[in-house]
Each structure stands twice: as C-alpha cells, then as structure tokens.
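Q: Next input, structure requested:
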Amino acid sequence: MNIKPLSDHVLLQAVEEEKTTKGGIVLPETAEKERPVKATVVAVGPGKRNEQGDLVPMGVKAGDVVLFKKYGPDEFELDGTKYLVGDEDDILAVIEQ
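A: Predicted coordinates:
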C-alpha cells in the first residue's frame, strides 16, 4: 500500500533505540521511554500554501532522520508496521550523520 501525505504532513517510522548503553549496560523493558522521539521520514506532502497562495516547499525529504515532538505526531498501524503522521512543525531537527 502506498501512503501519500497531504499539505505539510509528514509520514514517519520510529527508529528503535538501542537497548544497550555505550558502556554495555542492558536497559530493561521498563526503562524505555513512553514514545520515541527519533524517526526516519518515509514520505512528505507537497507543502503548505502561504497567505499569497504560493506553495512553501517542505524542509525535510524521505530518508531524513529527524527528532520530533514527543506527543506531536499521531500513531497508526498499517499492515503490521507502526507509523507516525504529523505536521512539519512537529519536527524539531534533522540529524545529519
């Protein structure tokens, strides 16, 4: 199935955080955060229109790894895969590697 976000919406797939710290300590399931804050951009909408009617292009693209607001995007599951969808404003930063 193909999902195409509309307007300035972004489709994200959460990045699984490491269960072991750099020092070798294994984190138990109960120590996990409530929601992820790092994700890979799967798809982006065309952008939002400004007051003059011009299309403002998106600042992220598919494949970017981003940090987002913890409770900004909405979660949903499709074909057994969990996704997040939110506004471009929910994204705080792009992680460059």
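
Q: Name all residues that make contact with residue 58.
A: 8, 10, 44-47, 88 (CB atoms under 8 Å, 6 or more residues apart in numbering). Just so you know, the C-beta spots here come from the backbone N, C-alpha and C atoms, and that holds for glycine as well.

Q: And the residue nearest the centre of this structure?
A: Centroid-nearest residue in the chain: residue 12, 3.6 Å away (criterion: CA atoms, centre = their mean).

Q: Is it bridged to anything, and to what?
A: With DSSP bridges as the criterion, residue 12 is bridged to residue 41, residue 84.

Q: correct me, but it touches residue 82?
A: No: with contacts counted by CB atoms under 8 Å, residue 12 stays clear of residue 82, the gap being 10.0 Å.

Q: returning to that earlier point: how close does the residue nearest to the centre of the chain sit to residue 44?
A: Here residue 12 is placed at a distance of 10 Å from residue 44 (CB to CB, to the nearest Å).

Q: what does residue 37 give?
A: Separation of residue 37 from residue 44 (CB to CB) stands at 19 Å.

Q: which one of the two has more residues nearby?
A: The residue with more neighbours, out of residue 37 and residue 44, is residue 44; 21 against 17, by other CB atoms under 10 Å.

Q: Dihedrals phi and psi, that one?
A: Per-residue torsions, residue 44: phi -130, psi 150 (degrees, to the nearest 10).
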